[in-house]
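>>> Build the 3D model from these lines:
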Amino acid sequence: MDCSNFLQDKSEYGVPRRWKVEDPEVADYIIGVCKRWKERSGCDGMRLDSAHLQPASF
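Residues are numbered from 1 along each chain as shown. Sure thing, here's the model as predicted:
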């Protein structure tokens, strides 16, 4: 899978990039990665440090 177009330019906070979660393929990819880590590690939660940069709908 080519993920090179999944990121946007710098945010207003100076963070290098943010995910293009408006694109369903990108949102599905991020959710899938989180699910895989949860299943493989047995953790009880995930933290997305850039959550404040994503739209509330995500």
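>>> those helices in the protein, which residues are they?
With helices called from DSSP state H, the chain shows them at 24-41.
>>> most distant residue from the middle of it?
Here the chain reaches farthest from its C-alpha mean at Gly42, the gap being 19.8 Å by Cα atoms, centre = their mean.
>>> Just read off the phi/psi values of it.
phi 80, psi 10 (degrees, to the nearest 10).
>>> Over to Lys20?
phi -90, psi 70.
>>> Hmm, it is touching Tyr29, no?
No: if you go by Cβ atoms under 8 Å, Lys20 and Tyr29 don't touch, sitting 10.2 Å apart. All C-beta atoms are positioned from the backbone trio N, CA, C, and that covers glycine.
>>> For the nearest residue to Met46 once chain neighbours are set aside, give its distance to Ala27.
For Met46, ignoring the flanking residues on the chain, the nearest one in space by Cβ to Cβ, 6 or more residues apart in numbering is Cys34 at 4.7 Å. With the distance defined as Cβ to Cβ, to the nearest Å, Cys34 ends up 11 Å from Ala27.
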